[in-house]
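Visitor: pasted the sequence and its predicted model underneath.
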Amino acid sequence: MINKVEICGVNTSKLPVLTEKEKKELFARIQQGDQQARHEFIYGNLRLVLSILQRFNNRSENIDDLFQIGCIGLIKALDNFDTSHDVKFSTYAVPMIIGEIRRYLRDNNSIRVSRSIRDTAYKALAVKERMTSATGREPSVEAIAKELGLPREEVSLALDAILDPVSLQEPVYHDGADAVFVMDQVKDEKNIDDSWLEKISLKEAMKKLGDRERHILNLRFFEGKTQMEVAKEIGISQAQVSRLEKNALNHMKKHL
């Protein structure tokens, strides 16, 4: 769908490409209230929206919907663009378009985030866009929080809550041969080699115990029961459970 020629009735293969000179001339006319120049400027930058849609080609969203949302971002960028900053329009418009598409995807996400957290996140993103436009660099979370008058942790939590979920099968790098996926970059803190070896060693050491001692250790350390609960289940005293448990652990240490 991302490669379809016609999107929302627009033949993308015939879209024009404006030069920087043409953009400046059109923008000067737009500032004077020329609606025809505004139309030409937007139409001449639709390829910018198309190029950004490539970033979202792994989504199941309808490409026509994303294109329309991207066009809204393009129009917002045009309405807020300031030529005095000596920045190319495309440089300013790209984050605006991406932000608009991401906002749409977040609002239509199956993972629901509370309204208050989402509102905080949107305010933070608005401040981020404004500060980025004013300074030419992305502000820190601390700076955004200070501008909003909110704790840094609250702003950070809100921004994290609206992040799009990423598939483990999504490629993050491709060198022309094998692709590297997100899954390849995720560290497994549990199933590491040392952990596997420990489990195997424990399993082998447990085999050296008698049935009753092995049963007691299973109840105590794998099912999390107290010595009193184990004593009641087996039908012996707590003192006996404690002694058997201690002897079993000492015996296991010899095989670990």
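Guide: That came through fine. Numbering: from 1, shown residues only.
Visitor: quick one: contacts of stretch 244-256?
Guide: 201-202, 204-206, 208-209, 212-214, 216-217, 220, 227 (Cβ atoms under 8 Å, 6 or more residues apart in numbering). Backbone N, C-alpha and C define where each C-beta goes, glycine included.
Visitor: for the protein, longest helix please?
Guide: helix 115-135 (DSSP state H).
Visitor: centre of the chain to the following helix or strand past that one, how far?
Guide: Moving toward the C-terminus from helix 115-135, the next helix or strand (DSSP states H and E) is helix 141-148. In terms of Cα atoms, centre = their mean, to the nearest Å, the centre of helix 141-148 is set 21 Å apart from its chain centre.
Visitor: give me the below-cutoff pLDDT ranges for this protein.
Guide: 1-6, 58-60, 109-113, 164-197, 256 (pLDDT under 70).
Visitor: need the strands for the protein, in chain order.
Guide: Using DSSP state E, the strands of the chain run over 6-7, 10-11, 171-174, 179-181.
Visitor: filter the contacts of stretch 244-256 to the buried ones?
Guide: Among the contacts of stretch 244-256, those classed as buried by 16 or more other Cβ atoms under 10 Å are 205, 209, 213, 216-217, 220, 227.
Visitor: can you flag which of these belong to helices?
Guide: Among these, DSSP H puts 205, 213, 216-217, 227 in helices.
Visitor: and the closest residue to residue 225 other than its chain neighbours, what is it in contact with?
Guide: Nearest non-adjacent residue to residue 225, counting by Cβ to Cβ, 6 or more residues apart in numbering: residue 219, 4.8 Å away. Applying Cβ under 8 Å, 6+ apart to residue 219 gives the contacts 225, 229-230, 233.
Visitor: how far away is residue 36 from residue 75?
Guide: Residue 36 sits 16 Å away from residue 75, going by Cβ to Cβ, to the nearest Å.
Visitor: same drill for those two, tell me which one is more crowded.
Guide: residue 75 (18 against 10; other Cβ atoms under 10 Å).
Visitor: with adjacent residues omitted, what lies nearest to that one?
Guide: residue 42 is the one closest to residue 75 (Cβ to Cβ, 6+ apart), at 6.4 Å.
Visitor: burial measure for that neighbour, as a count.
Guide: 17.
Visitor: what would the ones in helices among the buried ones among the contacts of stretch 244-256 look like in TSV with distance to residue 251?
Guide: Below are those laid out as TSV (distance: Cβ to Cβ, whole Å):
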residue	distance to residue 251
205	8
213	8
216	12
217	10
227	18
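Visitor: out of those residues, which two sit at the greatest distance?
Guide: 205 and 227 (20.8 Å; Cβ to Cβ).
Visitor: thought residue 90 was touching residue 48?
Guide: Yes - at 5.8 Å, residue 90 and residue 48 qualify as touching, with contact defined as Cβ atoms under 8 Å.
Visitor: how about residue 68, what does it touch?
Guide: Neighbour list for residue 68: residue 8 [criterion: Cβ under 8 Å, 6+ apart].
Visitor: distance of it from residue 19?
Guide: 26 Å.
Visitor: and for residue 27?
Guide: Residue 27 is 13 Å from residue 19, by Cβ to Cβ.
Visitor: so for these two, which sits in the more crowded spot?
Guide: Shown here are residue 27 and residue 19; by other Cβ under 10 Å, residue 27 has more neighbours (17 against 9).
Visitor: no more questions from me, cheers.
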